[in-house]
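Trainee: give me coordinates for this.
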Amino acid sequence: MKYFVNVNGTDHIVELAERLGELSVTLDGEPVDVTYRDVDRLGQVGLFLGDRSYAVSIQGDDERSYVTVAGHLYDVVVEDERERAAHQAERARGAGSGDVKSVMPGVVLSLLVSEGDEVEEGQPLLILEAMKMQNEICAPSAGRVGRVHVSEGEAVASGAKLVTIQAASAD
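Mentor: A predicted model of the protein is given here:
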């Protein structure tokens, strides 16, 4: 699983994979020898990086965490691939007319609009299956569907054009 981690304003990509009961970790594409042990159920963790060990305290909620290591406080925000895609789609809302692009690879399950259709902001345009989840891809703004770039059953890459929305004319 890929995680996008921001620590005190610096972005990192952490990938975790379990193979044969062993945890494999990469940080920004580099393998890391890391293990951890819960010390208690209150967010205290023993972190082992190679031959070094750290006492780590984790506090926070689902959106933001504060991690203390050796008396230093770190502001940490973690998103998995699905959360990141949802947040990117949310930020893209209201961006006006233009191309609606896939924020992750997937398969187009169904098209809900056709070229020439008038759409409202937030109206579902298509259903994209990604990471075994069905995601509604919605119009970022009101307008007219200028072009549908995909078809049902088509596999799309991250960043692929899905639909072009033309801004509603101000009559």
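Trainee: packing partners for the strand or helix carrying Glu18?
Mentor: Here Glu18 sits within strand 10-19, counting by DSSP states H and E. Under the contact definition 3 or more C-beta pairs under 8 Å, 6 or more residues apart in numbering; DSSP states H and E, strand 10-19 sits against strand 2-7, strand 22-27. Bear in mind the C-beta positions are built from the backbone N, C-alpha and C, glycine included.
Trainee: the ones you listed: which one's closest to Leu49?
Mentor: Each of the helices and strands packed on strand 10-19 has some distance to Leu49 by C-beta to C-beta; the shortest is strand 22-27, at 9.9 Å.
Trainee: what helices or strands is that closest one leaning on?
Mentor: Checking 3+ C-beta pairs under 8 Å, 6+ apart, strand 22-27 ends up next to strand 10-19, strand 30-32, strand 34-38.
Trainee: any chance of the ones you listed in TSV, plus mean pLDDT and distance to His149?
Mentor: Formatted as TSV, those follow (pLDDT from 0 to 100; distance: least, C-beta to C-beta, whole Å):
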stretch	mean pLDDT	distance to His149
strand 10-19	92	28
strand 30-32	94	36
strand 34-38	89	42
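Trainee: can I get those strands in JSON lines with distance to Leu128?
Mentor: Shown next, in JSON lines, are these (distance: least, C-beta to C-beta, whole Å):
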{"stretch": "strand 10-19", "distance to Leu128": "22"}
{"stretch": "strand 30-32", "distance to Leu128": "31"}
{"stretch": "strand 34-38", "distance to Leu128": "34"}
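Trainee: between those strands, which gets nearest to Ala155?
Mentor: Closest to Ala155 of these, according to C-beta to C-beta: strand 10-19, at 22.2 Å.
Trainee: and the closest one, what's buried?
Mentor: Within strand 10-19, the residues scored as buried using 16 or more other C-beta atoms under 10 Å are Val14.
Trainee: between the helices and strands packed on strand 22-27, which one is nearest to Cys138?
Mentor: Among the helices and strands packed on strand 22-27, strand 10-19 sits nearest to Cys138 (C-beta to C-beta), with 26.3 Å.
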